[in-house]
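Participant: need the 3D shape of this:
(2 chains)
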Amino acid sequence: MKKKVAVFFGGKSTEHDISIVTAISSVISPLELSQEYEVVPVYISKEGSWYSDEKLKDISLYRGPELKNFLEKSKKINILFDDGLTLIKSGIRKEKIHIDIAFPAMHGTYGEDGSLMGLLRMANVPIVGCDMPASVIAMDKVLAKQAVMAKGIATPKYISFSKTDFSESTLNNIKKELSLPLFVKPSHLGSSIGISKVTKFDDLKNSIEVALHYDDKVLVEEGVEDLIEVTLPIMGNQKPVPSLLERPLVKDNDFFDFEKKYINEGGSKNGAKKGAQGYSELPAKLEKNLYDKAVDTAIKSYKAIECQGIARVDLLIDGNTKEIYFNELNPLPGDLYSHNWRANGVSKVQLVERLINYAEESFLQKNAIENTFSTNYLKQF
Amino acid sequence: MKHIISRYRPLYISSLVYMLQNSEYVIGDYLAWLSRTSDFSQIMYRKKLIETRKARLLKFLLWLITLMLLLIAVVLAFNSLWLISIFILVLAPWIISYIIIIPLYVGYIFIQKPKESQMIISAKKIIAGHKGIKIAIVGSYGKTTAKEALRTVLSEGKKVAATPGNQNTLIGISRFAHKLKGDEDIIIFELGESHVGDIKKLSELTQPDLGIMTGINEAHLKTFKTLERTVATIFEIQTYLGEKPLYKNIDSILVRDNIDKNDQLGFSLKGIGGWKVQNAKTSFDGTEFTLQKNKDILSVKTGLLGLHNIGIMSAVAVIAKEIGLNNQQIHAGFTKINPVEHRLQPRQHHGAWIIDDTYNGNIEGVEVGLELLKTLPAKKRVYVTPGLVEQGEKSQQIHEKIGYLAANVADEIILMKNSTTNIIVGALEKSSYKGKITLVDDPLRFYKNIDQVIAKGDVVLMQNDWTDNYH
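Facilitator: As a prediction, the model looks like this:
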């Protein structure tokens, strides 16, 4: 009998739509093509309701108004945590679907930030990709920087603060401690949402206000001189396997915002390919020593944040000094960065199969650890 | 239950016409398909009915018969013959699927057949009066490749016409003959065979001055019943040609065993007559070699993949020389030959090479394809096949052979599930195959999503796609 894999996607997040594409094209379709698994789609609407139906595997359902009509007619599902994860579909005949493996494909809030993984941990089911702690750290850019810095990995100089702490003195402190150009980033959001580049201090306050509109914690960091931006997808548990170092090529506005990544055909003027992958150098043309050093830094960062399954590490290289800085870590790269893996000889089908193997391996290790402990503590009450 | 309901859908009638159309209105093939089919909702899954005049007429007739059956059922019900009425209503889909054969047969006998006979007679006259050199190509496999190669090379110095696509029957060739302009230097005919006597009839129609026999194998064994009958049919061209030249592929055992060992017109991977093949190599860009006879050297470079092409290419080169083309013209002609669509046709996709050989339908083609897969540089070799159709009693033996051959070449084997899958899997298991085996339920979905299965450095050989009537 085929193992049942529940793929979770959608969600109450700004990256809801991106999640649908990742789930359907890079997870569900290859899993089904592998013929090894029975795929159960679990779609979480923008309102937070959970649905599961075969029709949710079809991308065309999400293009127009059909989705709304479909959801109105569909029954929401419940979940049960007895002896693993079970989805319950209500109706005349109640249907129970026991899930063998959970495959989160939810970017951003409530998914990639570790919330979903926290819920799934309680169900005691193998989870594909980074677990809750790594996801929580990775999705907080400040925490991620602190985690890698503790392992001796360099990161650009930065100042972070919360919405309540933000004042004129914060601005003065930034002006005093950091040099232009600066990047202002919401600490938690992915897909470059709310990020802006500041080239004069007059624009700083406005940029911070934009970032605070999306998040209650903001990070302001120094830009890197003569910047070479590279990214490396990695997979594995204790022994991470790197793919190819990729260099996104952006000239217009000097950084890769949401529009360029996902809408404007990857920023490519000739429109060669859709998505971020359409406008990059793969593998990055760096001298061998620098390339190897960047791969090493990325793997160390992956380990420092204790990632599992898959992640993508973004690095910044100073073109003059060749200094390599950790920028951020994405615990659920859009499209699983499958274009990069494919260029490295790993097909989409192989990628999801390997990720499931890593999840099962990690699950076995975790289950070997005792989580309960008998005490006489309650007897005193 | 779902299968039974599929006969009561409005689309059922279109499905029946689609089956007739795809069986080329051959009643036997249609009935065989009908007997194999249980779920009619899947009939037009890959393609749709082409709304020709004939198709529209048949649809109209089917609806008419259906209405008449309904009317009869109603009349019977009014006369309290309830049981018979219900019986007719329930069996209506089965009745119409068979009753349609009657108008089809009548139409064939009284309209189509006389018209076709007339067309064949006039085509024979056209060909007889034509001054051009007539070349006939026969064989169980490789005819289209040989025809295209010959047409391309000879076109460098001559005005050439060749039968298009797979128009290789009496009617197909007759239609082609009616389109000839009359000023062609050379006419190339591809002769098809499925029954004893076919090549004799086609030879009499095309009246060739020269023939090429590309090879003989088990193709169409279902209709020929024995290999001896296949051989005899294909060799009917020799009887017709008599002393006229017949070039024969002696790499094909069934050809070699039936000719004189000293036949100077036998071609093979080693060459033809006094012409010797040297420096042969193949890659994703094509195949190249030199042909040498005494001091005469012919350099051949084609876009066709695989060393197996060398024999027929040598024959084409020598025929071109005999007809009067010089070495430069022959060389230039060969460089213009590209793979025929779906026959060892390479394309690059996301850094992987996909070799599309889905039109291949015989074990020799499987051997050639797998040999090519073995030769080409690859990180991972993937073999995709549903197996072969129409293999008759030899199906077990042939599919075991496919399994044994693939086990030695492919790192991953993807099989489209059907009646032959277990035989191939059995052979793979007997070979202690260590690679990955994937069994695919939905071939169309697989082919559409091939980009999800491949990665840079892979070489994927896709062979033997089955048409709708075999699923």
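Participant: residue B:298: neighbour count?
Facilitator: Neighbours of residue B:298 under the rule other C-beta atoms under 10 Å in any protein chain shown: 20. From N, CA and C alone the C-beta is placed, and that goes for glycine too.
Participant: ok but it is inside a strand, no?
Facilitator: Yes - the assignment for residue B:298 by DSSP: H, G, I helix; E, B strand; the rest coil puts it in a strand.
Participant: how close does the nearest residue to it once chain neighbours are set aside get to chain A?
Facilitator: Spatial nearest neighbour of residue B:298, excluding adjacent residues (C-beta to C-beta, 6 or more residues apart in numbering or on different chains): residue B:291 at 4.2 Å. To chain A, residue B:291 is 39 Å away according to C-beta to the nearest C-beta, to the nearest Å.
Participant: check residue B:136 too.
Facilitator: 45 Å.
Participant: what sits against that residue?
Facilitator: For residue B:136, the contact set (C-beta atoms under 8 Å, 6 or more residues apart in numbering or on different chains) comprises B:189, B:191, B:202, B:203, B:206, B:208, B:210, B:211, B:212, B:237.
Participant: out of those, which is nearest to residue B:304?
Facilitator: Checking those against residue B:304 with C-beta to C-beta, the nearest one is residue B:212 at 15.9 Å.
Participant: what score does the residue in the stretch 1-150 of chain A that chain B sits nearest to have for pLDDT?
Facilitator: Minimum separation of the stretch 1-150 of chain A from chain B (C-beta to the nearest C-beta) falls at residue A:30, amounting to 4.7 Å. pLDDT, residue A:30: 96.
Participant: hang on, it packs against residue A:348?
Facilitator: Yes - counting by C-beta atoms under 8 Å, residue A:30 sits close enough to residue A:348 to count as a contact (4.1 Å).
Participant: name the residues contacting each of the two.
Facilitator: Contact criterion C-beta under 8 Å, 6+ apart; residues shared by residue A:30 and residue A:348: residue B:452.
Participant: neighbour count winner among these two?
Facilitator: residue A:348 (28 against 23).
Participant: for the residue nearest to residue B:298, helix, strand, or coil?
Facilitator: Under three-state DSSP, residue B:291 falls in the strand class.
Participant: relative to residue B:402, how far out is it?
Facilitator: 33 Å (C-beta to C-beta, to the nearest Å).
Participant: so these two - more neighbours on which side?
Facilitator: Between residue B:291 and residue B:402, counting by other C-beta under 10 Å, residue B:402 is the more crowded of the two (26 against 23).
Participant: mind pulling up the pLDDT for that one?
Facilitator: Reported pLDDT for residue B:402: 96.
Participant: where's it, which helix or strand?
Facilitator: Using DSSP states H and E, residue B:402 maps to helix B:395-407.
Participant: now the element after that helix, going C-ward?
Facilitator: Using DSSP H and E, the first helix or strand after helix B:395-407 is strand B:412-416.
Participant: give the contact list for residue A:147.
Facilitator: Contacts of residue A:147 by C-beta under 8 Å, 6+ apart are A:137, A:304, A:305.
Participant: rerun that using 10 Å as the cut-off
Facilitator: Counting by C-beta atoms under 10 Å, 6 or more residues apart in numbering or on different chains, residue A:147 makes contact with A:134, A:137, A:138, A:140, A:153, A:301, A:304, A:305, A:306, A:326, A:329.
Participant: now for these: which two are most distant?
Facilitator: Greatest spatial distance among these (C-beta to C-beta): A:140 and A:153, at 16.4 Å.
Participant: buried stuff in the helix or strand where residue B:231 lies?
Facilitator: Per DSSP H and E, residue B:231 falls inside helix B:227-234. For helix B:227-234, the neighbour count (16 or more other C-beta atoms under 10 Å in any protein chain shown) marks B:230, B:231, B:232, B:233, B:234 as buried.
Participant: can you tell me which residues in the stretch 201-350 of chain B are near chain A?
Facilitator: Contacts of the stretch 201-350 of chain B with chain A, taken as C-beta under 10 Å from any C-beta of the partner chain, map to residue B:350.
Participant: all strands of the stretch 201-350 of chain B, in order?
Facilitator: In the stretch 201-350 of chain B, the strands defined using DSSP state E, counting those that start in this stretch lie at B:210-213, B:246-249, B:266-268, B:271-272, B:275-283, B:286-293, B:296-302, B:345-349.
Participant: check which helices and strands the fourth one is in contact with.
Facilitator: The one in question is strand B:271-272. Packed against strand B:271-272 by the contact rule (3 or more C-beta pairs under 10 Å, 6 or more residues apart in numbering or on different chains; DSSP states H and E) you find strand B:246-249, strand B:286-293, helix B:310-323.
Participant: how about the last one as PDB, C-alpha atoms only?
Facilitator: As requested, the backbone C-alpha atoms of helix B:310-323 are provided in PDB (Å, rounded to 0.1, in the frame of the first residue of the first chain):
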ATOM      1  CA  ILE B 310      25.300   3.300 -41.400                       C
ATOM      2  CA  GLY B 311      24.100   0.400 -43.500                       C
ATOM      3  CA  ILE B 312      21.100   2.100 -45.100                       C
ATOM      4  CA  MET B 313      23.100   5.400 -45.400                       C
ATOM      5  CA  SER B 314      25.800   3.500 -47.300                       C
ATOM      6  CA  ALA B 315      23.100   2.100 -49.700                       C
ATOM      7  CA  VAL B 316      21.700   5.600 -50.200                       C
ATOM      8  CA  ALA B 317      25.100   7.000 -51.000                       C
ATOM      9  CA  VAL B 318      25.900   4.300 -53.500                       C
ATOM     10  CA  ILE B 319      22.400   4.600 -55.200                       C
ATOM     11  CA  ALA B 320      23.000   8.400 -55.400                       C
ATOM     12  CA  LYS B 321      26.300   7.800 -57.100                       C
ATOM     13  CA  GLU B 322      24.800   5.200 -59.500                       C
ATOM     14  CA  ILE B 323      22.100   7.800 -60.400                       C
END
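Participant: taking the stretch 101-250 of chain A, what residue is nearest to chain B?
Facilitator: Closest to chain B within the stretch 101-250 of chain A is residue A:244: 9.5 Å, counting by C-beta to the nearest C-beta.
Participant: get me the contact residues on chain A for chain B.
Facilitator: When proximity is defined as C-beta under 10 Å from any C-beta, chain A approaches chain B at A:25-26, A:29-36, A:244, A:282, A:338-339, A:341-353.
Participant: picking that back up, make sure the residue of the stretch 1-150 of chain A closest to chain B is indeed in a helix.
Facilitator: Yes - counting by three-state DSSP, residue A:30 is part of a helix.
Participant: so it sits right up against residue A:341, yeah?
Facilitator: No - between residue A:30 and residue A:341 there is no contact under C-beta atoms under 10 Å: 11.0 Å.
Participant: just to revisit the earlier point, can I get the strands of the stretch 201-350 of chain B in JSON lines with mean pLDDT and distance to residue B:428?
Facilitator: JSON lines is the format used below for the strands of the stretch 201-350 of chain B (pLDDT from 0 to 100; distance: least, C-beta to C-beta, whole Å):
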{"stretch": "strand B:210-213", "mean pLDDT": "97", "distance to residue B:428": "34"}
{"stretch": "strand B:246-249", "mean pLDDT": "97", "distance to residue B:428": "30"}
{"stretch": "strand B:266-268", "mean pLDDT": "96", "distance to residue B:428": "31"}
{"stretch": "strand B:271-272", "mean pLDDT": "94", "distance to residue B:428": "37"}
{"stretch": "strand B:275-283", "mean pLDDT": "95", "distance to residue B:428": "26"}
{"stretch": "strand B:286-293", "mean pLDDT": "95", "distance to residue B:428": "30"}
{"stretch": "strand B:296-302", "mean pLDDT": "95", "distance to residue B:428": "34"}
{"stretch": "strand B:345-349", "mean pLDDT": "93", "distance to residue B:428": "26"}
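Participant: possible to save the ones you listed as CSV with distance to residue A:226?
Facilitator: Converted to CSV, those look like this (distance: least, C-beta to C-beta, whole Å):
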stretch, distance to residue A:226
strand B:210-213, 67
strand B:246-249, 65
strand B:266-268, 64
strand B:271-272, 63
strand B:275-283, 42
strand B:286-293, 46
strand B:296-302, 48
strand B:345-349, 36
